[in-house]
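# Pasting the sequence and the predicted model now:
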Amino acid sequence: MTDVHIHLEGGEYTLGWLEKFVSRAKETDTDEIWLLEHSYLFREFAPMYGCILGKNAFTDGWFSRRGGIRELSEYLALIGEARRRSFPVRVRFGLEVCYFEGAEEFVRDVTRGLGLDFLVGSVHFIDGFAFDHEAALWDGVDIDRAYRRYFESSVRLAESGVFDGIAHPDSIGLFGFQPSFPLDEYYDALAAAVSNSGMYAEENAGTYRRHPDTSPFGMNASLIRAMKRHGVRIVTASDAHTPYDVGAGIREAQRAVDSVTV
Ligand SMILES: [Zn+2]
Ligand SMILES: [Zn+2]
């Protein structure tokens, strides 16, 4: 099994901390782990987040605590050290980059020449709205419009050519808010764009693990079906933020993917 979405961010960038993730991968029979970090953690990406600030105190507080607190060079130094070691599981290193329409060239510039194994793009914000932070932020939000903009942004992410994969597509339903219209056309457009760009799509167990009362597990079956119809490679992801969660839910994720027939 492969787990393509694991965050190191809860500890220092040391080989000792990395080895805890490797050990847990061994324990859970996960033979390949993809480590990544959120773009917002790094000072170099901070200018990209101006558009989310000044909208509400919750998001401003979050960014002042979490935004730009590390340097890419710290993460790259760990990657360099790790690549001189051998591990009992395959280890790859990348970034989970928040996608903002219009920031494509900025992302290309910041990530050029870093020598990362992969970049996965994530829609975490809809026109600056941090839809996945807490349910109360949805108060007064036009749900249909949020869904339309989420999927339009996801399609542009896929068309941008900047990313190797798309993280947790369909995560917008995490607090249980549903649109009044069917999503099949958006699903098909997203799957087509992901396919045209040769990207992978995650079946990500993390959203459900964090919000089991309101979130569906991973992608809607219709989106999985569209991805399969378009020949997209679907990969399993825990979205672990601790060593313990390495591999969490990836077997269920694989079963969810396998259970959908085209
Ligand atoms: Zn994410
Ligand atoms: Zn993540």
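Everything's here; your move. Ligands and ions are numbered 1, 2, ... in the order given.
# Mind checking what secondary structure G140 has?
Following DSSP: H, G, I helix; E, B strand; the rest coil, the label given to G140 is coil.
# and if you look at the one 4 residues further on?
At D144 the chain is in helix, as set by three-state DSSP.
# Quick check: it touching S180?
Yes: if you go by C-beta atoms under 8 Å, D144 and S180 touch, sitting 5.7 Å apart. Any C-beta I mention is one placed from the backbone N, CA and C, and that applies to glycine too.
# More neighbours: the two, which one.
Legend: neighbour count by other C-beta atoms under 10 Å for D144 and S180, higher for D144 (13 against 7).
# and the residue lying closest to the more buried one once chain neighbours are set aside, what element?
Leaving aside its chain neighbours, D144 sits nearest to P179 (5.0 Å; criterion: C-beta to C-beta, 6 or more residues apart in numbering). Assigned by DSSP states H and E, P179 falls within no helix or strand.
# show me what contacts P179?
Neighbouring residues of P179 by C-beta atoms under 8 Å, 6 or more residues apart in numbering: 143-144, 147-148.
# run the last query once more with 10 Å
P179 makes contact with 143-148, 150-151, 172-173, 186 under the criterion C-beta atoms under 10 Å, 6 or more residues apart in numbering.
# Then A237?
Contact analysis of A237 by C-beta under 10 Å, 6+ apart lists 2-6, 34, 36, 120, 165, 167-168, 200-206, 218, 248-250, 253.
# Check E104 too.
By C-beta under 10 Å, 6+ apart, the contact set of E104 is 121, 156-157, 159-163.
# could these be laid out in TSV, adding neighbour count, pLDDT and secondary structure?
Formatted as TSV, those follow (neighbours: other C-beta atoms under 10 Å; pLDDT from 0 to 100; DSSP: H, G, I helix; E, B strand; the rest coil):
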residue	neighbour count	pLDDT	secondary structure
G121	26	98	strand
R156	17	98	helix
L157	28	98	helix
E159	15	98	helix
S160	19	98	coil
G161	11	97	coil
V162	19	98	coil
F163	26	98	coil
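# so who does the closest residue to ligand 2 within the stretch 151-262 of the chain touch?
Using C-beta to the ion, the single residue of the stretch 151-262 of the chain nearest to ligand 2 is D239, 4.7 Å away. Under the criterion of C-beta under 10 Å, 6+ apart, the neighbours of D239 are 3-7, 36, 96, 167-168, 171, 202, 204-210, 245, 248-249.
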